[in-house]
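Peer 1: pasting a predicted model and its sequence here:
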Amino acid sequence: MSRPSYGDGMSIHGEHPFLPAEADRSPVRRFRGRLASPVSLWTAQYAGKRAGLTVSSVLVADGEPGYLLGLLDPDSDLCEMLLKAKTAAVTLLGEPHRQLADAFGYVAPAPGGPFRLSEWTDTEWGPVPAGVTAWAGGRLTSGEPREIGWAVQVQLEIEHVELLADDVAPVVHRRGRYAVVAPD
């Protein structure tokens, strides 16, 4: 099937225009890309401002208390906001929230900002989008996050968990694409 042409030498391509060739990518990143990772949205709020970031490098450690560990882009608005707020809401995204995942991952446009794409509930940990199936609120356990590879590691002590529904298909990230996992 041929791609449409616009008569000015431009055409639509199926590949990402800014993605390096497979052979030029880090083998560690390519290995990580083969893991199915949960798609979560981390949000924080401080002094009337909000920030959020789609995060798939996340780990939940059970215990008393439980912990959330995440690898965040150190240059993201969220990282800066989290260091000020000391709290964050971590939402697990499902099929209905793929547009939020793209907008907060900075891979899709969001006119007026990504917080305009949904209704939000303000919590003491950060804003939570309407219609989600599960979220947790946590408090930052240390001051400056530790650099790990391209990211910084943050650790939240879980203070609150809401499990609202099980029937929404969760979204996972694998090899740069989203996939939906059938609910149990």
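Peer 2: Nice, I can see it.

Peer 1: and L117, how many neighbours?
Peer 2: Here the number of neighbours of L117 (other C-beta atoms under 10 Å) works out to 18. Heads up, the C-betas are built off the backbone N, CA and C, glycines and all.

Peer 1: need the longest strand for this protein.
Peer 2: Scanning the chain for the strand with the most residues, using DSSP state E, yields strand 151-163.

Peer 1: partner strands of the helix or strand that it is followed by, parallel or antiparallel?
Peer 2: Tracing the chain past strand 151-163, the next element assigned as helix or strand by DSSP states H and E is strand 171-174. In its sheet, strand 171-174 lies beside strand 37-38 (antiparallel), strand 177-180 (antiparallel), with partners assigned from DSSP bridges.

Peer 1: show me the shaky parts of the chain.
Peer 2: 1-20, 22, 25, 183-184 (pLDDT under 70).

Peer 1: go again with 80.
Peer 2: By pLDDT under 80, the weakly predicted segments of the chain are 1-26, 29-36, 142-144, 165-184.

Peer 1: go through the longest strand of the chain and flag the buried ones.
Peer 2: Buried residues in strand 151-163, counted by 16 or more other C-beta atoms under 10 Å: 151-156, 158.

Peer 1: dihedrals phi and psi, the nearest residue to G137 once chain neighbours are set aside?
Peer 2: In space, G137 comes closest to W125 once its chain neighbours are excluded; the distance is 3.0 Å by C-beta to C-beta, 6 or more residues apart in numbering. According to degrees, to the nearest 10, the main-chain angles of W125 amount to phi -100, psi -30.

Peer 1: quick one: residues contacting W125.
Peer 2: When the contact criterion is C-beta atoms under 8 Å, 6 or more residues apart in numbering, the partners of W125 are 44, 87-89, 137-139, 159-160.

Peer 1: now the buried members of these.
Peer 2: 44, 87-89, 137-139.

Peer 1: surely D77 meets A51?
Peer 2: Yes: under the criterion of C-beta atoms under 8 Å, D77 makes contact with A51 at 4.0 Å.

Peer 1: ok, those two, which is more surrounded?
Peer 2: Neighbour tally, D77 and A51, criterion other C-beta under 10 Å: the higher count belongs to A51, 24 against 14.

Peer 1: tell me how far that one lies from T43.
Peer 2: 7 Å (C-beta to C-beta, to the nearest Å).

Peer 1: what sits in contact with each of the two?
Peer 2: Shared contacts of A51 and T43 (C-beta under 8 Å, 6+ apart): L78.

Peer 1: what pairs with the most centrally placed residue in the chain across the strands?
Peer 2: For the chain, the residue nearest the mean C-alpha position is T54 (1.5 Å; C-alpha atoms, centre = their mean). Counting by DSSP bridges, T54 is bridged to L41.

Peer 1: with just CA atoms, put the helix ranked longest in the chain into PDB.
Peer 2: The single longest helix within the chain, with elements called by DSSP state H, is helix 77-85. As requested, C-alpha coordinates have been extracted for helix 77-85 and formatted as PDB (Å, rounded to 0.1, in the frame of the first residue of the first chain):
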ATOM      1  CA  ASP A  77       8.400  19.500  35.200                       C
ATOM      2  CA  LEU A  78       7.200  16.600  37.400                       C
ATOM      3  CA  CYS A  79      10.700  16.000  38.900                       C
ATOM      4  CA  GLU A  80      11.000  19.600  39.900                       C
ATOM      5  CA  MET A  81       7.500  19.800  41.300                       C
ATOM      6  CA  LEU A  82       7.900  16.500  43.200                       C
ATOM      7  CA  LEU A  83      11.000  17.800  44.900                       C
ATOM      8  CA  LYS A  84       9.000  20.800  46.100                       C
ATOM      9  CA  ALA A  85       5.700  19.100  46.900                       C
END
